[in-house]
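Chemist: coordinates for the following, if possible.
(2 chains)
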Amino acid sequence: NAGVTQTPKFRVLKTGQSMTLLCAQDMNHEYMYWYRQDPGMGLRLIHYSVGEGTTAKGEVPDGYNVSRLKKQNFLLGLESAAPSQTSVYFCASSKKREANTDTQYFGPGTRLTVL
Amino acid sequence: GIQVEQSPPDLILQEGANSTLRCNFSDSVNNLQWFHQNPWGQLINLFYIPSGTKQNGRLSATTVATERYSLLYISSSQTTDSGVYFCAVNTDRIFGNEKLTFGTGTRLTIIP
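Modeler: Sure thing, here's the model as predicted:
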């Protein structure tokens, strides 16, 4: 049981390049999330998904796209990277809220630098 | 949107000391979690505690929902407790909306 995994762990891009971050979870969770963490700040939600085939915008969605084609995977895409997207990106997943004991489980993070 | 404030922003303690971290929030919540981010960046969930008190070993947490605050207690601190502690809340009562809003964290440094 690997939990939540993210690939790649590190990446350096030039301005204007594109890339996709992959998040995978093996806990059969319904919900998945992408956050970004900037220095000295808490995490901010970019996009999230409440089930396969569904996505929704979070707090800071501009410049990013996501897809949830399979329940276990949640992809975050940057079509044209900008230096302002330099950050650490975290993926998380959680069960459907049923017994009101919901918690989010986080991946190890991807450190992205845009030059 | 909801405001989540954590205090103190930084805390430096000697190993063996006790500490109390505070999280204030500006609206009623249906989900409150405490996380520890270790020095390698990994985020670990400590407690799911929208109300009441929970304990797990040397850590315990109390949320007083009516007064809109939560406290995280760490007793007999160890160097492995170092890192940043985040409080995160969800105010939305629509089923399926699980968005968490994070505070800016308390950076705890335990000195041997």
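
Chemist: helix, strand or coil for A:Arg111?
Modeler: strand (DSSP: H, G, I helix; E, B strand; the rest coil).

Chemist: er, B:Thr66 I mean
Modeler: Assignment for B:Thr66 (three-state DSSP): helix.

Chemist: ok, which stretches of chain B are strands?
Modeler: B:4-7, B:10-14, B:19-25, B:31-37, B:43-48, B:52-56, B:59-64, B:69-74, B:83-90, B:101-102, B:106-111 (DSSP state E).

Chemist: can you tell me the strand partners of the first one and which way each runs?
Modeler: The one in question is strand B:4-7. strand B:19-25 (antiparallel) (DSSP bridges).

Chemist: what's the neighbour count on residue 36?
Modeler: As the question left the chain open, I've gone with chain A. 23 (other CB atoms under 10 Å in any protein chain shown). The C-beta positions use only the backbone N, C-alpha and C, and glycine is treated the same way.

Chemist: try chain B instead
Modeler: 20.

Chemist: quick one: residues contacting residue 45.
Modeler: Using chain A. Shown in contact with A:Leu45 (CB atoms under 8 Å, 6 or more residues apart in numbering or on different chains): A:33-35, A:58-60, B:99-101.

Chemist: sorry, should have said chain B
Modeler: Contact partners of B:Asn45, counting by CB under 8 Å, 6+ apart, are A:103-106, B:33-35.

Chemist: next one: B:Val84
Modeler: B:Val84 touches B:36-37, B:105-108, counting by CB under 8 Å, 6+ apart.

Chemist: select from the residues you listed the one having the most neighbours.
Modeler: In terms of neighbours by other CB under 10 Å, the contacts of B:Val84 top out with B:Gly105 at 23 neighbours.

Chemist: ok so, going back, the contacts of A:Leu45: which two are farthest apart?
Modeler: A:Trp34 and B:Thr101 (15.1 Å; CB to CB).

Chemist: in JSON lines: the strands of chain B, plus mean pLDDT.
Modeler: As requested, those are arranged in JSON lines below (pLDDT from 0 to 100):
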{"stretch": "strand B:4-7", "mean pLDDT": "96"}
{"stretch": "strand B:10-14", "mean pLDDT": "97"}
{"stretch": "strand B:19-25", "mean pLDDT": "97"}
{"stretch": "strand B:31-37", "mean pLDDT": "92"}
{"stretch": "strand B:43-48", "mean pLDDT": "91"}
{"stretch": "strand B:52-56", "mean pLDDT": "95"}
{"stretch": "strand B:59-64", "mean pLDDT": "97"}
{"stretch": "strand B:69-74", "mean pLDDT": "98"}
{"stretch": "strand B:83-90", "mean pLDDT": "94"}
{"stretch": "strand B:101-102", "mean pLDDT": "90"}
{"stretch": "strand B:106-111", "mean pLDDT": "96"}
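
Chemist: comparing those strands, which comes out most buried?
Modeler: strand B:83-90 (a mean of 24; mean count of other CB atoms under 10 Å in any protein chain shown).
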